[in-house]
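*Asks:* give me coordinates for this.
(one chain, ligands or ions: 1)
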Amino acid sequence: MPRQAEQLRAIFDRLYAHFGPQGWWPGNSAFEVVVGAILTQNTNWKNVERAIANLKEAGLLAFSAMLALPPDLLAEYIRPAGYYRIKAQRLQNLLHMVAEEYGSLEDFLALPVGPLRERLLQVRGIGPETADAITLYAAEKPVFVVDAYTFRILLRHNLVDEDADYAGMQELFMDSLPPDTKLYGEYHALLVQLGKQFCKKTKPDCEHCPLRGL
Ligand code: SF4
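*Replies:* Residues are numbered from 1 along each chain as shown. Modelled structure (predicted):
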């Protein structure tokens, strides 16, 4: 097994042993996961939770209810998530595409992984990280989600260069690990946990980190 693949497996084992299962994605339904994936762009999860609570309380956390809502009204409900006008428009872009082309979210999420990801990426405001979060956590298909934490950790462990791009990092994981939805879901969640608790942007706490010495 190439060195990188071995190291990526060792990292997963250490993280899983340290943090345990993460139970991602927080959300009770595929629809809630899709909404959360868009709302979490450029903000933290606490703010997303407040926006989702607003939607739930108003009975709007359902496909047809949200689809029927004018974007400026939707924006008010999701205000706590920040960039709320842009995010309302993104949600509406996605819901309209799904309704017009596939009829229901279930039918859309049932697409094979490649076409699903491609179609998501064609929606204005949906980039690779959001498309992959939806593909992995809502459609439950094996695609690896890369984010800023992933890059930072890989870079600090000499697994990528400073100029690594999203596709390259994703390929590194997917070439090294079996295509396993549960494994990819746990691994991404564990990296987020590691980035938040130990591998911080400034002053990483290597001394107490579960990856010390790797
Ligand atoms: S905190 Fe240090 S040991 Fe832990 S992942 Fe970051 S660079 Fe590695």
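*Asks:* please name the nearest non-neighbouring residue to the residue nearest in space to the middle of the chain.
*Replies:* Central residue of the chain (CA atoms, centre = their mean): Ala133, 3.3 Å from the mean position. Leaving aside its sequence neighbours, Ala133 sits nearest to Ala37 (CB to CB, 6 or more residues apart in numbering; 4.3 Å). For glycine as for every other residue, the C-beta is placed from the backbone atoms N, C-alpha and C.
*Asks:* show me which residues of the chain sit near the ligand.
*Replies:* Ile153, Arg156, His157, Leu194, Phe198, Cys199, Pro204, Asp205, Cys206, Cys209, Leu211, Arg212 (CB under 6 Å from any ligand atom).
*Asks:* ok, now with 5 Å
*Replies:* Residues of the chain found near the ligand (CB under 5 Å from any ligand atom) are Arg156, Phe198, Cys199, Pro204, Cys206, Cys209, Leu211, Arg212.
*Asks:* buried subset of the residues you listed?
*Replies:* Phe198, Cys199, Pro204, Cys209, Leu211 (16 or more other CB atoms under 10 Å).
*Asks:* what's the most distant pair in those residues?
*Replies:* Pro204 and Leu211 (9.8 Å; CB to CB).
*Asks:* where along this structure do the helices fall?
*Replies:* 3-19, 30-39, 45-57, 63-67, 71-77, 84-102, 105-109, 113-121, 128-133, 148-156, 166-176, 181-197 (DSSP state H).
*Asks:* mean pLDDT added to the ones you listed, as JSON lines?
*Replies:* What follows is these, written out as JSON lines (pLDDT from 0 to 100):
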{"stretch": "helix 3-19", "mean pLDDT": "96"}
{"stretch": "helix 30-39", "mean pLDDT": "97"}
{"stretch": "helix 45-57", "mean pLDDT": "96"}
{"stretch": "helix 63-67", "mean pLDDT": "97"}
{"stretch": "helix 71-77", "mean pLDDT": "97"}
{"stretch": "helix 84-102", "mean pLDDT": "97"}
{"stretch": "helix 105-109", "mean pLDDT": "98"}
{"stretch": "helix 113-121", "mean pLDDT": "97"}
{"stretch": "helix 128-133", "mean pLDDT": "98"}
{"stretch": "helix 148-156", "mean pLDDT": "98"}
{"stretch": "helix 166-176", "mean pLDDT": "98"}
{"stretch": "helix 181-197", "mean pLDDT": "97"}
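*Asks:* what's the closest of these to Glu140?
*Replies:* Taking the helices of the chain one by one with CB to CB, helix 181-197 is closest: 5.2 Å.
*Asks:* what's the nearest residue to Ala148 if we skip its chain neighbours?
*Replies:* Ala148 sits nearest to Gly195 (CB to CB, 6+ apart), 7.6 Å away.
*Asks:* that neighbour against Ile153, yeah?
*Replies:* Yes: look at Gly195 against Ile153 with CB atoms under 8 Å: they come within range, at 6.5 Å.
*Asks:* how much space between the closest residue to Leu211 other than its chain neighbours and Tyr149?
*Replies:* Nearest non-adjacent residue to Leu211, counting by CB to CB, 6+ apart: Arg14, 5.8 Å away. Look at Arg14 and Tyr149: by CB to CB, to the nearest Å, they are 15 Å apart.
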